[in-house]
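Visitor: I need the structure of the sequence given here:
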Amino acid sequence: MRTATINELKKELSTVPHAQLAELCLRLAKAKKENKELLTYLLFDAHDLDGYIRSVREYIDLEFASLSTTHLYFAKKTLRKILRITNKHIRFTGSKQAETELLLFFCEKMKKSGIRMDNSVQLTNLYFQQLRKIEKAIEAQHEDLQYDYRKKLDALSYP
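Guide: Presented below is the predicted three-dimensional model:
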């Protein structure tokens, strides 16, 4: 069985009546937790990007507060989990501004966490990979925003 392309889905969805479209959306939301989270974002949070970024930052703060720095293994697992969820929220917004702000915040928290990144090649690579992603996201911004974000990025350049 082949999967339809986005264009084919778009054409078909334009012909579906409103009530049936609502049923399809609800059925899709029931299928997977991430679909429900995306639908929640689109319906309730998409109109206030700054508020959504604040709520994701609060989540990141809470997760970093529970970060175990005694064992490097558990710290790596928790950091990957935080980053995975952060990237999911970035995908939901589809905004380079949100991507830049959330990844900058993640890297700031990672730098301040007290984890000895020098002892772990994986953590060092993870950190610098995020810095590269931030650099790419900054390039897509307006010039005024680029200047502000680059100042923050320069402060994070070495853990």
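Visitor: if I look at residue 144, how far off is residue 66?
Guide: Note on residue 144: its distance to residue 66, by C-beta to C-beta, to the nearest Å, is 36 Å. For the C-beta atoms, the positions are set from N, CA and C on the backbone; glycine is no exception.
Visitor: actually residue 51, sorry about that
Guide: To residue 66, residue 51 is 24 Å away according to C-beta to C-beta.
Visitor: repeat that for residue 44.
Guide: Distance, residue 44 to residue 66, by C-beta to C-beta: 26 Å.
Visitor: what do you get for residue 119?
Guide: Computed as C-beta to C-beta, the residue 119 to residue 66 distance reads 21 Å.
Visitor: again with residue 147
Guide: In terms of C-beta to C-beta, residue 147 sits 35 Å off from residue 66.
Visitor: got it, and residue 125?
Guide: On the measure of C-beta to C-beta, residue 125 and residue 66 end up 23 Å apart.
Visitor: which of these two has more residues huddled nearby?
Guide: Using other C-beta atoms under 10 Å as the criterion, residue 125 and residue 66 rank with residue 125 on top: 11 against 8.
Visitor: quickly find the element holding that one.
Guide: Element membership for residue 125, per DSSP states H and E: helix 121-139.
Visitor: that helix: which residues count as buried?
Guide: Neighbour counts over helix 121-139 (16 or more other C-beta atoms under 10 Å) mark 123, 126, 127, 130, 131, 133, 134, 137, 138 as buried.
Visitor: same deal with stretch 80-90?
Guide: For stretch 80-90, by 16+ other C-beta under 10 Å, it's 82, 83, 86, 87, 89, 90.
Visitor: tell me the pLDDT of the first one.
Guide: Reading off the per-residue confidence, residue 82 sits at a pLDDT of 96.
Visitor: I figured it hits residue 106, correct?
Guide: Yes - using C-beta atoms under 8 Å, residue 82 makes contact with residue 106 at a distance of 6.9 Å.
Visitor: overlap in contacts, the two.
Guide: The contact sets of residue 82 and residue 106 overlap at residue 60 (C-beta atoms under 8 Å, 6 or more residues apart in numbering).
Visitor: report all helices and strands that the helix holding residue 125 contacts.
Guide: helix 72-93, helix 96-112, helix 143-155 (3 or more C-beta pairs under 8 Å, 6 or more residues apart in numbering; DSSP states H and E).
Visitor: quick check: phi and psi at residue 116.
Guide: Residue 116 has phi and psi values of phi -80, psi 90 when expressed as degrees, to the nearest 10.
Visitor: cheers, nothing more for now.
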